[in-house]
Each structure stands twice: as C-alpha cells, then as structure tokens.
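Undergrad: Here is a sequence together with a model predicted from it:
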Protein chains: 2
Amino acid sequence: MPALKYSRQREAVRHFLMTRRDHPTAETVYTCLREEFPNISLGTVYRNLTLLAELGEIQKISSDGGAEHFDGDLSPHQHFICSRCHRIYDIRIDGIDSLMEKARNASPGEVETCRVNFYGVCEQCTSKDSA
Amino acid sequence: MPALKYSRQREAVRHFLMTRRDHPTAETVYTCLREEFPNISLGTVYRNLTLLAELGEIQKISSDGGAEHFDGDLSPHQHFICSRCHRIYDIRIDGIDSLMEKARNASPGEVETCRVNFYGVCEQCTSKDSA
DNA sequence: GTCGAAATCAGTAATGGTTCTTATTTATAG
DNA sequence: CTATAAATAAGAACCATTACTGATTTCGAC
C-alpha cells in the first residue's frame, strides 16, 4: 500500500462532500470544484472519490441506472430514492442494529456494513401529477 | 403505453431468470440464451430485462461498480454482497415489514419497496486468506 | 533550503456496460 | 390472408468510469 500523501485536490473533494446535504455525482463534484481549481481533472475527482470511499471517509451510493452518487454523511442513516426523478433523500429509522444482528446469523460471512434503501415516488413528483 | 406482444425471446429471458438461483448479469443471460437462440441480440436481452423489471416480474440489483445483476426471485429476501469477490448471496431475515412501517413515517413519499444489502467478506474469500 | 523518491496531477485515450437506430421479422386483430 | 404495430438482429453511438502518459507536487533526509 502506497503511503498517503497530502493533496489540495483530495482535501477539496473531501471538504466539498462534507459541506453538502445532498448526494452529488462525480460530475457535480468536478463542476463545482472547478471554480476553486479551474483545471482540476475529472480523473482526479474520480480517483479521490474512490480512494476516500475505500478509506471509509465517504460513502458510495449505487442507486440505479446512471452515475454513482457520493455521500459525505457517515452517521447511520438510510435513503429514500424516488423511482421517478431519482432524487435521493436521507431518512433515519431505528432498529438497524437489530437488523444487522439478525443478518449476522444468516450471512455467509462477516457482516460489516448494511445499506437500506426505500423506493417510491416522492411528494414532489406526486404533486406534479395532479397539476 | 404500447400493447405488449408475445415474444419467444422475452419468454426465454423470463424463464431463464426464474430457473436460476443466482443473480446473472445481462451478459450472462445473453451468453446462455444463445444456446437456444443462436442469434439473439444483446440489445434484446437488455430491452427485455429492463421491461420485465419495470413490470415487476424480476428485480434489478445495482450492486457496485460493474454490471447490473438481475434476480428472478420475487419472494422477500435480502442480499449479502462480498466486497472482495462481489458475489451476491441470498439471505432471509424477518422484521422487514416493521422496517417499512417505520420508513413510511420518515419518507418524503409513498414507500413501495425496500432493498436491504449487507456487505462484508464471504467465507469463501476469508478461507483463501489463510491458505 | 535543496535533493530525490514516490505520490499526485492534468490531459487524454481507452474501456465497458448500456442504449439507440435502422431495416427486417413476427404476432395479432380484422 | 392482409394490414399494422410491436419486437427483433446487428451494429453504431453514448456515457460513466478507468487507465495511461509525462509533468508537477509533496515531504523526509540531508
């Protein structure tokens, strides 16, 4: 494993994600960081997002059929994903611990993390129907 | 909505998924079906997988950083995904109903379905370490 | 401070999964 | 049987992501 060396770009990527409440894609991170680093490379953004995710400092969210999303919020929470607009909302429900406990007895390996996603149509999309 | 017309290829895709216990990718479905339909097109496989998923007859599994997987098993169950070999195992735990009930009170929309994934390293990969 | 090795970078080419296009075939209603 | 709309095969196009390149930056040792 190569020693980790400081880089302004990686720090910016981390900081950017920390100060966001939504779940940007690599493209969004890239576009926004370009204001501070006019010639940051998209490859650099990807490399650091992947690296930070491996280090466990951010979360990668594989929603559905598009780009990956990234989440800087490490506190335990779940996601509600609108099947129409594909927006990702944070929600918080308890009882996840006991869920993982049950999973440990049913899994063919050591359970480390758990992702819970709920799907449906969000109110914003529903209200557009009646309009 | 266009009227749905019978097609041998779509029926084969559905049947193939139903008789599998694992979670093939489109590529796998394609390769296997070619034995029965030597010139079935990869596009046809994708189109029908997507269609069947929209109809709710199969499930699309977005695991992580690779191809999508498909699951013909509609009975409620969860997945354990090995972070090393990326294999997907079925597991079954109860209490999902109450989880969804909680989610209904916390979601910005009507909760229709829920996906629960557990991550860790499977025993098969762990045992390779000690070898 | 400066030197050198290793990590990181910007820029760009390449890859891989998926979708789209077009001409052709097939299913089904009349 | 015929007309019509849907489905298909083949392959090009697309887009997110990764890999490669040579130049730049970090950082410990001197």
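TA: That came through, no problem.
Undergrad: Please settle this for me: is A:Ala53 part of a strand?
TA: No - membership of A:Ala53 in a strand is not supported by DSSP: H, G, I helix; E, B strand; the rest coil, which gives helix.
Undergrad: Look up how far B:Leu4 lies from the nearest residue to it once chain neighbours are set aside.
TA: Of all residues not flanking A:Ala53 in the chain, A:Lys60 sits nearest, at 4.6 Å (C-beta to C-beta, 6 or more residues apart in numbering or on different chains). (Glycine included, C-beta is placed from N, CA and C.) Distance of A:Lys60 to B:Leu4, given as C-beta to C-beta, to the nearest Å: 36 Å.
Undergrad: list the helices and strands the longest strand along chain A packs on?
TA: Looking across chain A with DSSP state E, the single longest strand is strand A:109-122. Helices and strands touching strand A:109-122, by 3 or more C-beta pairs under 8 Å, 6 or more residues apart in numbering or on different chains; DSSP states H and E, are strand A:78-82, helix A:96-104, strand B:78-82, helix B:96-106, strand B:109-122, helix B:123-130.
Undergrad: partners of that strand, with directions?
TA: strand A:78-82 (parallel), strand B:109-122 (antiparallel) (DSSP bridges).
Undergrad: Return the alpha-carbon coordinates of the longest one using CSV.
TA: Extracted C-alpha coordinates of strand B:109-122, given in CSV (Å, rounded to 0.1, in the frame of the first residue of the first chain):
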residue,chain,number,x,y,z
GLY,B,109,-43.2,9.9,-0.4
GLU,B,110,-45.1,6.6,-0.6
VAL,B,111,-42.8,3.7,0.2
GLU,B,112,-43.3,0.9,-2.3
THR,B,113,-40.4,-1.4,-2.0
CYS,B,114,-37.3,-1.7,0.1
ARG,B,115,-33.9,-3.2,-0.5
VAL,B,116,-31.6,-4.3,2.2
ASN,B,117,-28.0,-5.1,1.4
PHE,B,118,-25.3,-6.3,3.8
TYR,B,119,-21.6,-6.0,3.0
GLY,B,120,-18.6,-7.9,4.2
VAL,B,121,-16.2,-10.6,3.1
CYS,B,122,-17.7,-14.0,2.4
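Undergrad: For it, what is the distance to the chain centroid?
TA: In terms of C-alpha atoms, centre = their mean, to the nearest Å, the centre of strand B:109-122 is set 12 Å apart from its chain centre.
Undergrad: how about it: buried residues?
TA: Within strand B:109-122, the residues that qualify as buried are B:109, B:111, B:114-122, counting by 16 or more other C-beta atoms under 10 Å in any protein chain shown.
Undergrad: what angle sits between it and helix B:123-130?
TA: 30 degrees (axes from the mean of the first three to the mean of the last three C-alpha atoms, to 10 degrees).
Undergrad: before we move on, what about the first one?
TA: Using the same axes, to 10 degrees, the interaxial angle of strand A:78-82 with respect to helix B:123-130 works out to 130 degrees.
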